[in-house]
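Peer 1: Here is a sequence with its predicted model. Questions after.
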Amino acid sequence: MHTLAATNLDLINLAKWIPLLPLIALVINGIVLGAFKPARKFAALVTILAVGGSFALSVAVWLGMGSASEFTSEQAFVIVRAFEWIHIGGFDGFRADVSFFIDPLTVIMLLTVTGVGTLIAIYASGYMAGDPGYHRFFAYIGLFIFAMTILVMADNLLLLFLGWEGVGVSSYLLIGYYYRKPSAVAAAKKAFIVNRVGDFGFALGLMGVFLVFGAVQYDRVLPEAESVYWMQEHGLDDGRGIFSNTIDDADPIFADAELVIPNIVEVGKREAEIFGSDLKKTLLIIIPFLLMLGAFGKSAQLPLHVWLPDAMEGPTPVSALIHAATMVTAGVYMIARLLPIFQLSEYALYTVAIVGGVTALFAATIALCQYDIKRVWAYSTVSQLGYMFLGVGVLSTVGGVFHLFTHAFFKALLFLTAGSVMHALAGQLDMRKMSGLFRKMPVTAILMLIGCLALAGFPYTAGYYSKDLILAEALVAHPWLGWMGIAVALITAFYTFRLWFRVFTGPTEYEMSNEHHGYPSDHAHDDDHAHHGPHEMPILMNAPLVILAIGAITLGFLTHDWVKDMVEHSTAGAARLSEPHSPAHHAAHVEVDPHHTDTAHHDPYHAAHKLVSTITKIGSISMILLAGYFFWFNRKAAERIASAFGLIKRFLENKWYVDELYHVIIVLPLRVFGWLFYLFDRLIIDGLVVDGLLRYTPRLAGEAQTPLARGVLQGFAVVMAIGVIAVLAFVMYSVL
Amino acid sequence: MEYLTLNHYLLTGAILFALGVIGFATRRNLIVMFLCTEMMFQGVAVTLVAFSKYHGNLDGQSFVIFVLTIAAAEAALALGLVVYLFRRKQTLDAEAWSAMKG
Amino acid sequence: MDNASLILPLLVLIPLLCGFAMVLLPKGRGDIAKVMALGISTGVFVLSLFACYAFDWSRAGDMQLVFNSPWVDAVGVRAHLAVDSISLHLVMLTTFLMPITILGSFKAVKERHTEFYLWLLVLQAAMIGVFCARDLILFYICFELTLVPLYFLIGIFGSANRSWASIKFFIFTLTGSVFTFAGVLYVAWFNTTLGNMWTFDIATLYEAALQLSGTQQAWVLVALLCGFAVKVPLFPVHTWLPLAHTEAPTSGSVILAGVLLKLGTYGLLRFALPMAPIAVVEYAPVIAVFSIIGIIYAALVCWVQEDVKKLVAYSSISHLGFCVLGMFALNVAGVGGSVMYMINHGLSTGALFLCVGMIYERYHTRDMNAMSGLAKRLPIWATFFVFFCMASVGLPGLNGFVGEFLTILGTFTATDVLGIGYAAAAALGLILAAIYILYMVGRVVFGPVKEPDTHGEKVKDLSTREIGTLLPLAVMCIVLGVYPTPWLRSLEPAIEDVIRPARAVLAAQDVKAPQVDGHVSNFEFRTSSLLPEAAQ
């Protein structure tokens, strides 16, 4: 066991404040500034300070953790307890606290979320200036960062779910930010509902985890899942104990951070229980698929990808922050975090990889034929997320998380520069209506070029490193997926530069749109933009972009080893203990499994790596050149080729008609059922049974007696007498 | 047959009651009908007193006192109603009031 | 008898007597009436806070603050009031909602003020009575007494089709509860056949009910369901609810959704689970299926509504389905979730009805086709409305989630009674809830601004009074969502008591299963044999 001298718990304890600061920003912006109009211009400042503060605290937590390899090689982590949340059923019952799980993976996510979040908030303070809902916007951003930090810091699945749904709501509110625009409202609704479909799976998976493992806290579930996996592989009698932490029942309200190192305390009891129950064994197979559904919903993978492109209705900083850099990667994070559980089901990770790979290809083909700049980036995001899933699916968690990390930078950069273009052209996003903008806005053009290079995997940019990592491991694990991924990389380079060349090169032509703060404006003449035409953005907006651009270039070679180190010493790395090409595995289990030698497993990996990097190097550059030829020098040729494939082009432009398909097979039938049920309710249950049968039966019974009741007193008397006689007769009869 | 037995009293009560019922069912004049109901009351009262004497306790007799009291009150009320009804339609024929016809 | 024992009778009597005392107010002085009603209900709320203070939370499962005095001695009816944590939380819900409701109807009621507030206070007394009663007859009297005020509230102060709505509501629920009464009377009679005196003491009847055979219990369960399922309302006896809601005045709807529906679930919890455990275990899947049908069916029906209030009304049916489902999971998580759901649904749906009422006061319509984009006109209202909608769809961190999650979790883990399939089916309700709620939000709050004709009246955003009605609810929604611990902790022992007989039946079933190959008939044994301590 390591000595943990470098770990500074006091610093880590600050983690409590990371979600709290954005929450405070939400309250200030939403309530205080909501009520006090003149101060609303400070809304951006409040949020920037809060998110920036969270970033500073994240850095502090990172420093407090010491270097990752020093942190521990035994999957230690720190738990920071805040307060008790939902406990029911006594000692064996369900427990989920508001407490935070700090390990290297969490820290990477925190740094990404709060760092990119701060930069985007700064950009947005310029981008959204003058918008009537300024404070509302920044309140929502506060809500989002709050939920997202909760999501990545949660120490149990239920708190993760809180963050999960929280980001869903803030995404809903932000997509529907321009709420008077019907398309925005529809897109927001769609995003939330599609996410709910995923959440449905996630919630059930969570309950399954509870049923099988008796807990939802990572510190109990993950080690147990690992030892169950161990036993699946090696048999029950192999006697590796279970990692289990006994948690003291002390009142955890604002207790200090504590370092937890999984101990071997109990031998195989719960494992035996799990293997003894058919139900639990079945659940183990199903759970990863349920959780996966949640991940696919949040990260817009097939078949739940439909919401993300529509989500571009939101303001552009939102698209950059939520729908590119952070929220949509939550699914990747979740699978990486819960990798031990996913390993328990034979085909789970393979499914993840397949869905990731197929989505990557699918979305890339659509991106080829879109004309709306933001939609191209949206499909590109779906495609890149597919890569990440492919990465974690082939157990390249380092690659997946690394790509997540670099992607956050270059995709945010791409979206924000797209936002700058949009801002300059009063909302114009159609790339057919703009050309040669380089001369008008060179800084933006160069910034976007950097983003494009990274996305295209141009050698030695950030995207190149992370993508290669994934592709190489995919090639080893499932070659067909690896080759598919390489194909996608080539398509990506092509569509990325198709966009860039179309927008920034060629003759300078453009057509202004007439949007003003998200809404079509009738008085475009009064608009500043209309007078000035395309122009550079102010320094406030460009400064964050420069930082992102530097990141997009340098993060690859600067942080490659750091991320590898961090991820391998988190639970995502721990899951690879028993995987062949993990160094940790060899260190820990060399005696147990002497057949696995280093060379046997490193060779194919290195060969694949070389192959991939050669192909992508050549491929990306040639694709960029090809795009340059078609969209800079010879646009006519591009059009000719496109028209030759008219049918396919239409098919891709319409996004494979998935929306239409869903409408016909899901939305319409449900709606029809709604109407049918309503009619059934009104006509059959209420109409026929209640109002008909129940209401008219007594009335008819009454009607039947009318001949006797002629309204004459004597008649009543006779009836009464007959009644009395009947009763008497009955009594006499039964007595005698 | 020198002594009056319980049966005599019961018979008297029953005859009174039966006369009342028949009268109520056949006559149309409201006041006569009302008198017939009174006759039924008395039939029941005679029966109650007879049983009271027969069983040797005072339950039946006290009950009769109740019945008489109630009957007196009811007579006052009913006659008042009859007068009121007569004023409305200038007739005492029971068939004139058949609003309860189903 | 100490002072604490007077709290509960006072909680019932103060609103009742003060309510009737309002008859003495001079005619046409509605202003006095509403202030007085507000004062009384606030006073009752403060008194209920005292009850919380006097309640010993360390033994939250026991019946406390007991008031027990003879009433109709001849047949053993007693005025017996006491609360455990379940009852106390529901009493708190009632007393908390009432001042808010009264404050919310200051403007809405235009005439016959005195009557209006009188009936509200009487209603409150009856509801508190139901939750506190430990005597069957008292329970039943209060249970039926709730019908009368609501009948008048709907019948006099409702909208166009009010008279039919009130009659239907009355007859529907009355008919059902007559059978319920017969069922519990049967248990009381059964108690005398065991050689005991006539008594309607609920605790005594619990013990007597343990001697019932399975078949007898099945009949008792059916009788109980007749009344309580109508009240809940469970599919397919729910049709009175949308009608009653759409016709009722805002405050009537708030109380109806907030508290009255819970009388049904509370009744099931108090009578069905402990009195007919064998039958409950046997028929839990059937009831669960009806709950789930209700959840999905009502949610889909919500989606095609044009009237906002009707939509919220149908959503209540869907929500209460969760409540019943969790209860018949027969474990602590499920039943606990169910009770939390009662509280949370009262808060969030009550608030939604208030919001809808505010719109109706302004535009005199609730038709979704006639309005859209109200966020522009009424930003504060829109914020509250979206907030409560989110609470209603069960967003984690807000109150709705706790109940919803726990009911589904309970169902999921109750592999001996219900199990995963039921939970998965019910969880579909999560998706459908998002669909219909967002459908409503998207049409009413968002979208291009479109307002109904107000005939020149200027439409203003919420007044301070209106914010005052919604704010406490919003705060409670957050508190219950973020820190439900005190509630959950205190409910647990009480719930364990409630489900003990049913758990015993389940435990016995497990033991017996191997002996009677395959299928075990529950009706072969009596609960009393499973609970040795109860037989003494």
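Peer 2: Looks like it arrived, so ask away. Numbers count the residues shown, from 1 in each chain, chains lettered A, B, ... in the order given.

Peer 1: ok, the closest residue to chain A within the stretch 1-150 of chain C - contacts?
Peer 2: As assessed by CB to the nearest CB, chain A sits closest to residue C:61 within the stretch 1-150 of chain C, at 12.7 Å. All C-beta atoms are positioned from the backbone trio N, CA, C, and that covers glycine. Each residue near residue C:61 by CB atoms under 8 Å, 6 or more residues apart in numbering or on different chains is listed here: C:84, C:85, C:492, C:493, C:494, C:496, C:497.

Peer 1: mind showing which ranges of chain A have poor pLDDT?
Peer 2: Applying pLDDT under 70 to chain A picks out residues A:1-7, A:67-76, A:91, A:234-273, A:276, A:516-518, A:520-533, A:573-603, A:706-711.

Peer 1: where does the stretch 1-150 of chain C have low pLDDT?
Peer 2: C:1-2.

Peer 1: If we use 90, what do you get?
Peer 2: C:1-8, C:18-37, C:51-52, C:54-79, C:104-118 (pLDDT under 90).

Peer 1: any chance you could map the strands in the chain?
Peer 2: Using chain A here. A:77-88, A:94-102, A:242-244, A:258-260, A:263-266, A:434-435, A:509-510, A:515-516, A:519-520 (DSSP state E).

Peer 1: wait, I meant chain C there
Peer 2: Going by DSSP E, chain C shows strands at C:64-72, C:77-83.

Peer 1: Need those in a markdown table (columns: distance to chain B and mean neighbour count).
Peer 2: Output for these, formatted as a markdown table (distance: least, CB to the nearest CB, whole Å; neighbours: other CB atoms under 10 Å in any protein chain shown):
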| stretch | distance to chain B | mean neighbour count |
| --- | --- | --- |
| strand C:64-72 | 23 | 16 |
| strand C:77-83 | 27 | 23 |
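
Peer 1: before we move on, back to that, among the contacts of residue C:61, which one sits closest to chain A?
Peer 2: residue C:492 (6.7 Å).

Peer 1: Give me the neighbour count for the closest one.
Peer 2: 22 (other CB atoms under 10 Å in any protein chain shown).

Peer 1: Tell me who's in contact with it.
Peer 2: Applying CB under 8 Å, 6+ apart to residue C:492 gives the contacts A:88, A:89, A:90, C:60, C:61, C:332, C:336.

Peer 1: so which of the strands of chain C comes closest to residue A:161?
Peer 2: Checking the strands of chain C against residue A:161 by CB to CB gives strand C:77-83 as the closest, at 33.7 Å.

Peer 1: What lies in contact with that closest one?
Peer 2: With CB under 8 Å, 6+ apart as the test, strand C:77-83 has contacts from C:8-9, C:12, C:51, C:55, C:63-71, C:91, C:129, C:131-135, C:137-138, C:200-201.

Peer 1: What residues does the spatially closest residue to residue A:154 that is not a sequence neighbour make contact with?
Peer 2: Closest residue to residue A:154 apart from its sequence neighbours, by CB to CB, 6 or more residues apart in numbering or on different chains: residue A:160 at 4.1 Å. If you count contacts by CB under 8 Å, 6+ apart, residue A:160 has them with A:151, A:154, A:334.

Peer 1: Among those residues, which ones are in helices?
Peer 2: Under the assignment DSSP state H, the contacts of residue A:160 contribute A:151, A:334 to helices.

Peer 1: what residues are up against the residue nearest the centre of chain B?
Peer 2: Nearest residue to the geometric centre of chain B (CA atoms, centre = their mean): residue B:38, 2.5 Å. Going by CB under 8 Å, 6+ apart, residue B:38 touches B:20, B:71, B:75.

Peer 1: who touches stretch A:429-444?
Peer 2: A:371-376, A:417-418, A:420-422, A:424-425, A:428, A:445, A:499, A:502-511, A:513, A:533-537, A:542, A:545.

Peer 1: Please tell me I have it right and residue C:354 contacts residue C:257.
Peer 2: No: counting by CB atoms under 8 Å, residue C:354 stays clear of residue C:257, with 10.4 Å between them.

Peer 1: just to revisit the earlier point, now intersect the contacts of stretch A:429-444 with the helices, please.
Peer 2: Among these, the ones falling in helices (DSSP H) are A:373-376, A:417-418, A:420-422, A:424, A:445, A:499, A:502-504, A:542, A:545.

Peer 1: Please, a PyMOL command that selects the buried ones among the residues you listed?
Peer 2: Buried residues within the ones in helices among the contacts of stretch A:429-444, by 16 or more other CB atoms under 10 Å in any protein chain shown, are selected in PyMOL with:
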select buried, chain A and resi 373+374+375+376+417+418+420+421+422+424+445+499+502+503+504+542+545
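
Peer 1: which helices and strands sit right next to the lengthiest helix in chain B?
Peer 2: Assignment by DSSP H gives helix B:59-89 as the longest helix of chain B. The contact analysis (3 or more CB pairs under 8 Å, 6 or more residues apart in numbering or on different chains; DSSP states H and E) places helix B:59-89 against helix B:30-55.

Peer 1: Now do the helix it packs on, average pLDDT.
Peer 2: The pLDDT scores in helix B:30-55 average 90.

Peer 1: between it and helix B:59-89, how many degrees?
Peer 2: 180 degrees (axes from the mean of the first three to the mean of the last three CA atoms, to 10 degrees).

Peer 1: Which residues belonging to helix B:30-55 are considered buried?
Peer 2: B:30, B:33-34, B:36-37, B:39-52.

Peer 1: Identify the residues contacting residue A:477.
Peer 2: Contacts of residue A:477 (CB under 8 Å, 6+ apart): A:353, A:394, A:395.

Peer 1: doesn't residue A:354 make contact with the second one?
Peer 2: No: the pair residue A:394 and residue A:354 fails to qualify as a contact (CB under 8 Å) at a distance of 10.3 Å.

Peer 1: what sits in contact with each of those two?
Peer 2: Common contacts of residue A:394 and residue A:354, defined by CB under 8 Å, 6+ apart, comprise residue A:481.

Peer 1: higher neighbour count, these two?
Peer 2: In terms of neighbours (other CB under 10 Å), residue A:394 is the more surrounded of residue A:394 and residue A:354; the figures are 28 against 19.

Peer 1: Grab the nearest non-local neighbour of the more buried one.
Peer 2: residue A:477 (3.9 Å).

Peer 1: all helices of the stretch 101-250 of chain C, in order?
Peer 2: For the stretch 101-250 of chain C, the helices defined by DSSP state H, counting those that start in this stretch cover C:113-132, C:136-145, C:147-157, C:162-193, C:202-209, C:214-231, C:240-247, C:250-255.
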